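*Asks:* Here is a sequence with its predicted model. Questions after.
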Amino acid sequence: MEGLNKYFKKRNFSKSPEPKGNKEFKENRDPIFVIQKHQATHLHYDFRLEKNGVLKSWAIPKQPPVESGIKRLAIRVEDHPLDYADFEGEIPQGLYGAGKVEIWDKGTYVLQEWETTKIIFELKGEKLKGDYCLLKLKPKLAEDKNWLFFKISD
Ligand code: MN
């Protein structure tokens, strides 16, 4: 799931308004996160964290929690290009991910721990603020895409 090959394979850029991933970014800045509300066949929230020049991405079927005590399933999906963080618009019917995409929250984050099965970070968004965790549900199954996303109690 490294790199952007899957992102490009799934999309037809002559028809989709989604970013082609060719925008350049300043080196010296804080890493970003974004959550896009995506009204596809099923409404979900795409959570994306910048890492190694791409946006590591998870699809969360329910609204991400602003407080601790709520755990959400987060399904790992393909990496997205950094400029996807600014994308809002309508993906036309018939295309992969067809439906409306809007930014639900966005900001920078401070990484605390990034392991293969556990990621801990402080989010500095408008809606999500504080320490959050992504935890792989079945740590021994490398190919399993199910994670949990939750706020760590203050
Ligand atoms: Mn999506």
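*Replies:* That came through, no problem. This structure is a prediction, so every number in the text was calculated from the model and none was measured.

*Asks:* Find the closest residue to the ion in this structure.
*Replies:* Closest residue of the chain to the ion, CB to the ion: His38 (3.7 Å). For every residue, glycine as well, the C-beta is placed using N, CA and C.

*Asks:* Can you name the residues bridging to that residue?
*Replies:* In this structure, His38 bridges to His44, Val101 when assessed by DSSP bridges.

*Asks:* That one reaches Phe47, doesn't it?
*Replies:* No. Counting by CB atoms under 8 Å, His38 does not reach Phe47; the two are 10.7 Å apart.

*Asks:* pLDDT value on the residue of the chain closest to the ion, please?
*Replies:* What the model reports for His38 is a pLDDT of 98.

*Asks:* now the one 5 residues further on
*Replies:* Turning to Leu43, the model gives it a pLDDT of 97.

*Asks:* what separates it from Glu115, distance-wise?
*Replies:* Counting by CB to CB, to the nearest Å, the separation of Leu43 from Glu115 is 30 Å.

*Asks:* Compare these two (neighbour count), which wins?
*Replies:* Leu43 (13 against 10; other CB atoms under 10 Å).

*Asks:* quick one, what contacts the more buried one?
*Replies:* By CB atoms under 8 Å, 6 or more residues apart in numbering, Leu43 lies in contact with Lys37.

*Asks:* from what I can see Arg11 touches Phe87, true?
*Replies:* No. Contact status for Arg11 versus Phe87: not in contact, 11.8 Å apart, counting by CB under 8 Å.

*Asks:* so what sits against both of those two?
*Replies:* Glu18.

*Asks:* Could you check the pLDDT of the most centrally placed residue in the chain?
*Replies:* With distances taken as CA atoms, centre = their mean, Arg48 lies nearest the centre of the chain, 2.0 Å away. Looking at Arg48, its pLDDT reads 98.
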